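>>> Please work out how this folds:
(2 chains)
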Amino acid sequence: MAVPAYATRIMLDQYDVSADNRQVSVELMAEALDVSAFQTAARLLSPGAPSGKIATSGYWSGTAVTGLDPLLYARLGAATNGIVSVLFDTRATGNPAYVQQSTWNGSAKIGAPIKDVITLDAEWQAFTNRGLSVAHGTVAGTGGIGATGVDFATAGTLGGFAVCHVRSISGTATGATIALQSSAAGAMTSPTTHGTFTFSAVGAYLITWSGATGRYIRPNCTSLGGATNFGVTIIAGVTGVTG
Amino acid sequence: MPVRALGNDVHTYNATNITAYLDQASLDMLVEALDVTNLASSGMTYTPGVFGAEVPIGGAWDIAIDNVFGADTITPPTTTLRTYVRQVGPSGNRATYTWTGSATVGAFISEYKIFTDKVTGILKWSGKLTISGSPVRS
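Numbers count the residues shown, from 1 in each chain, chains lettered A, B, ... in the order given. So this is what the prediction gives:
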């Protein structure tokens, strides 16, 4: 079934820049290495190292702190890398999302077409991980974020990663914590904790783990850290399962 | 008699029928023309080189196709390439090209792109299956 393009979300560290963009592409490449040899009448090829590129095309909307212009310029060739995620089919959690865990802006182009609005395009090139969205919303209390765990179809054995974009904090958070848990059951009985996001400010946070991962994953807020609530977008990937 | 494309072009990649996720596809089988022109030639002269193939594909994006190609692009097959079967034509008048996955023969996705043409449209994808080795045609 076709998925509407508007149901796409672009996260740049703690910023949801979806409303400032109108086009996006996620391009994954695995270069074909030529391994042709004597005594074979056909070209032989083997996949090389994978790489990825995220390209966005949006609107230049001024110099406000949360506008694209300052956000992209601050990350243009930045020494301190950030986290960029693109989530597809955001009408529900459990859909694919692509994440560059450590990246910087390689291109910011301001265009001024005579018959259009001023545009601002950007490119991010880095190894790109694939995961599923496991949470997006406002967390106002402790406990599991979501009624059930997100179904990853199979369990994993090779570890995984998760990123948490902390988009907003209402009040003051000091050492707020969200545990990333998996279970063999969607009800999240006897969950295993793979890591904990600990934060006191908005931003983007990464955890990785090794070993077995249950089929179902759900974040669990274990402390608000004194905040009234916070807005988060969380993506998890299981190596060998999601990519 | 010409054969329409709808319902008469079936793609199977790694045992998954991906036909329903394609709105464009070709099978580009190419043989490089090696220049063997010499001073005695009366014109440019070529001899066939080795066989090669690739399959540009694309369509409306769906989680099902993403589960196939998204995961495979990030973690490409390392020991055994993917089996790719292409059936062209209706039953009774069908050509089947089969690359059975092995260490040297088979397919892998070398380019996979998810994109939006316009924000009010649908999410789309395109890709390229790179083919290694020769098929069995039946």
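>>> what separates the helix or strand encompassing A:H194 from the chain centre, distance-wise?
Secondary structure from DSSP states H and E places A:H194 in strand A:192-199. Centroid separation for strand A:192-199 versus its chain: 17 Å, with CA atoms, centre = their mean, to the nearest Å.
>>> Quick one: name the residues of chain B near chain A.
Those residues of chain B that sit near chain A, judged by CB under 8 Å from any CB of the partner chain, are B:50-52, B:60-63, B:66-67, B:70-71, B:73-78, B:81, B:104, B:108-123, B:130-134. Heads up, the C-betas are built off the backbone N, CA and C, glycines and all.
>>> tell me the average confidence for whichever helix or strand comes after the strand holding A:H194?
Next in sequence after strand A:192-199, counting helices and strands by DSSP H and E, comes strand A:203-209. Strand A:203-209 comes out with an average pLDDT of 98.
>>> How about strand A:203-209 and chain B, any contact?
No. Judged by CB under 8 Å from any CB, strand A:203-209 stays clear of chain B, getting no closer than 15.1 Å.
>>> what's the angle between that strand and strand A:192-199?
160 degrees (axes from the mean of the first three to the mean of the last three CA atoms, to 10 degrees).
>>> among the residues of chain B next to chain A, which ones are buried?
B:51-52, B:60-63, B:66-67, B:70-71, B:73-77, B:81, B:104, B:108-116, B:122-123, B:130-134 (16 or more other CB atoms under 10 Å in any protein chain shown).
>>> These in strands, which ones?
B:51-52, B:60, B:108-116, B:123, B:130-132 (DSSP state E).
>>> which ones are touching the residue nearest to the spatial centre of chain A?
By CA atoms, centre = their mean, chain A has its centre lying nearest to A:S85, at 3.2 Å. Residues in contact with A:S85 (CB atoms under 8 Å, 6 or more residues apart in numbering or on different chains) are A:9-11, A:97-100, A:163, A:165, A:233, A:235.
>>> Sitting in helices, which of these do you find?
Among those, no residue falls in helices (DSSP state H).
>>> Excluding chain neighbours, give the residue nearest to A:S190 in space.
Leaving out its chain neighbours, the residue that sits closest to A:S190 by CB to CB, 6 or more residues apart in numbering or on different chains is A:S183, at 6.4 Å.
>>> wouldn't the one you found be in contact with A:Y216 here?
Yes. The pair A:S183 and A:Y216 qualifies as a contact (CB atoms under 8 Å) at a distance of 5.1 Å.
>>> State the number of residues packed around the residue nearest to A:S190.
Neighbourhood size, A:S183 [other CB atoms under 10 Å in any protein chain shown]: 20.
>>> from the contacts of A:S85, which are also near chain B?
Checking the contacts of A:S85 against chain B by CB under 8 Å from any CB, the ones in range are A:Y98.
>>> can you put the contacts of A:S85 in CSV and add neighbour count and pLDDT?
What follows is the contacts of A:S85, written out as CSV (neighbours: other CB atoms under 10 Å in any protein chain shown; pLDDT from 0 to 100):
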residue, neighbour count, pLDDT
A:R9, 21, 98
A:I10, 20, 98
A:M11, 24, 98
A:A97, 28, 98
A:Y98, 25, 98
A:V99, 30, 98
A:Q100, 23, 97
A:V163, 26, 98
A:H165, 26, 98
A:T233, 24, 98
A:I235, 28, 98
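>>> Over to A:L68: give its phi and psi.
With angles defined as degrees, to the nearest 10, A:L68 sits at phi -60, psi -40.
>>> ok, now which ones touch it?
A:17, A:20-21, A:58-61, A:120, A:122.
>>> again, only using 6 Å
A:20, A:58, A:120 (CB atoms under 6 Å, 6 or more residues apart in numbering or on different chains).
>>> For it, give its distance to chain B.
Distance of A:L68 to chain B, given as CB to the nearest CB, to the nearest Å: 15 Å.
>>> can you pull out the helices in chain A?
Counting by DSSP H, the helices of chain A are A:68-75.
>>> and it, which residues reach chain B?
Within reach of chain B by CB under 6 Å from any CB of the partner chain, chain A has these residues: A:2-3, A:5-6, A:22-30, A:32, A:41-45, A:47, A:50, A:95-96, A:130, A:243.
>>> That's all I had, so thanks and see you.
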